[in-house]
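[1] Here you go, sequence then predicted model.
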Amino acid sequence: MKLESFWQATAPAFHGVAPGSLPSRADVVVIGGGFTGVSAALSLARSGLDVVLLEGGEVMSQASARNGGHCNTGVAQNFASLVASQGIEKATRFYRAYDDAVSYVEQLVRSEQIDCDFRLCGKLKLASKASHFAGLREAWELMRRTVDPDIELLDQVAIRREVNSDAFHGGLLQKRGGQMHMGKFGVGLAEAAARSGAKIFPHHAVTGLTRLDGYRHRVQTAKGEILADKVLMATGCSNVGPFRWFQRRIVPVGSFIVVTEPLGEAPIRQVLPQDRTYVTSLNLGNYFRTTADRRLVFGGRARFAVSNPTSDSRSGEILQATMAGLFPALAQARIDYCWGGMVDMSADRLPHAGEHDGVFYSMGYSGHGTQMSVWMGAVMADLIAEKSNRNPWQRDAWPALPGYHGKPWFLPLAGLYYKAKDRFS
């Protein structure tokens, strides 16, 4: 078993690194080489701006290539709960944004001819308990009336035609859900940005960020500094660097994934006849999907812990046991890859994007970032280029989490809380 991301291990090499040293200035400096940053760099370069992207490690080395590989419509929360907290108008706008985001990813894959196994297959949320089915029904009734007339509610009989497991009591099918190979897509997107003129500098971690006036900043790295007319923060949950204001508002939460050996077509169809993306209804639930070479990608918040080799390995053992419990036919399947990644969780589990002290930002995707990060890169690029403002996530205020200063000391307590909720709900 390899302790590495399947997406990274099987992606092509990135050849678009900018030659030479860091330039002295740029119209826009983008901090972060994941989906948000690279997508923004692509759009900014196409708008004719001189854009430099700085990444502390390799391009696509963090959450963008360490996730579960889903590209789905729908918000992180139960839609009915979102309506209760935000109102129907705002909740509808948020839901539509995810639709737009999936469409934008689909468009990019086609226009840039990115070979990443993209396909729309539908997302199925599975009721892990009989009591959870009532909540899915409530969400189905509301969503069908307001935002998604094609959504389907599947009862316990129908769900067996979708998933060959005794563990589920029904499901909610959103037909615009999709999936792709995250590493291939990310590298393809970065190559497109470089071709369009974006200067991409891996291994240029930002060590200082000084506001000069208005939007202008001096951006310092260990390999030199650069003057930027505007700066876009696209760092997700990074706790490294001079970004304290953002670090007090984003909690890094570990999520862990295993990938099986190639299983073959027949075993896959036996377990998952419709071959969609799947997520369970537990707070500490699981998500899974297949790959083009017929593996099963199976993930979840196996432990409320940060990602490191020891934590990843222990979480992998838990995930393998959970997978075998849900799908006994796969109990003997070999695990080829195991890894963890950090989710940039916000307190309200919604993205946040806008401008603070002259710095533009987009982050806090809370485990639903694949599609939204790519789309928000383009949205923020248009805002920075003064072309349009389509940002649905601008709020009047984004308060810091009380008692939180960048170290998630409360994760074990949160884990106990959610375990108790899952046990008694």
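    Received it, and whenever you're ready, just let me know what you need.
[2] how about the helices in the stretch 201-350 of the chain?
    244-247, 265-271, 309-326 (DSSP state H, counting those that start in this stretch).
[3] counting contacts, what elements does the shortest one pack onto?
    Looking back up the chat, that one is helix 244-247. On a contact count with 3 or more Cβ pairs under 8 Å, 6 or more residues apart in numbering; DSSP states H and E, helix 244-247 meets no helix or strand. C-beta coordinates here come from the backbone N, C-alpha and C atoms, glycine included.
[4] related to what we said a few turns ago, compare the helices of the stretch 201-350 of the chain and give me the one nearest Leu142.
    Nearest of those to Leu142, taken as Cβ to Cβ: helix 309-326 at 28.3 Å.
[5] OK, contacts around the residue nearest the centre of the chain?
    For the chain, the residue nearest the mean C-alpha position is Gly369 (2.8 Å; Cα atoms, centre = their mean). Contacts for Gly369 (Cβ atoms under 8 Å, 6 or more residues apart in numbering) come out as 35, 63-64, 67, 236, 344, 351.
[6] wait, doesn't Leu3 sit right on Trp339?
    Yes: using Cβ atoms under 8 Å, Leu3 is in contact with Trp339, at 6.3 Å.
[7] Mutual contacts of the two, please.
    Shared contacts of Leu3 and Trp339, counting by Cβ under 8 Å, 6+ apart, come down to Asp312.
[8] These two: which has the busier surroundings?
    Remark: of Leu3 and Trp339, Trp339 carries more neighbours, 26 against 14, as counted by other Cβ atoms under 10 Å.
[9] Please read off the pLDDT at that one from the model.
    Predicted confidence (pLDDT) for Trp339: 95.
[10] about what we covered before: relative to Asp99, which of the contacts of Gly369 is nearest.
    Using Cβ to Cβ, the contacts of Gly369 come closest to Asp99 at Pro351, 14.7 Å.
[11] mind listing what the nearest residue to Thr291 once chain neighbours are set aside touches?
    Counting by Cβ to Cβ, 6 or more residues apart in numbering, Thr291 lies nearest to Val297, which is 6.2 Å off, once chain neighbours are set aside. The contact partners of Val297, by Cβ under 8 Å, 6+ apart, come to 6, 68-69, 257-259, 288-291.
[12] Arg161 too?
    273-274.
[13] before we move on, what SS does it have?
    coil (DSSP: H, G, I helix; E, B strand; the rest coil).
[14] where exactly do the helices run in the stretch 1-150 of the chain?
    6-9, 35-46, 79-86, 88-111, 130-146.
[15] how about the helices of the stretch 201-350 of the chain, which one is nearest Lys407?
    Closest among those, using Cβ to Cβ: helix 244-247, at 9.3 Å.
[16] Give me the buried positions along that closest one.
    Residues of helix 244-247 classed as buried by neighbour count (16 or more other Cβ atoms under 10 Å): 246-247.
[17] thinking again about what came up before, is the residue nearest to Thr291 in a bridge, and if so with what?
    Per DSSP bridges, the residues bridged to Val297 are Val259, Arg289.
[18] From Tyr98, how far out is it?
    Separation of Val297 from Tyr98 (Cβ to Cβ, to the nearest Å) stands at 21 Å.
[19] can you check Gln332 too?
    37 Å.
[20] Between its first and last residues, how far does stretch 211-230 reach?
    In terms of Cα to Cα, to the nearest Å, the two terminal residues of stretch 211-230 are separated by 10 Å.
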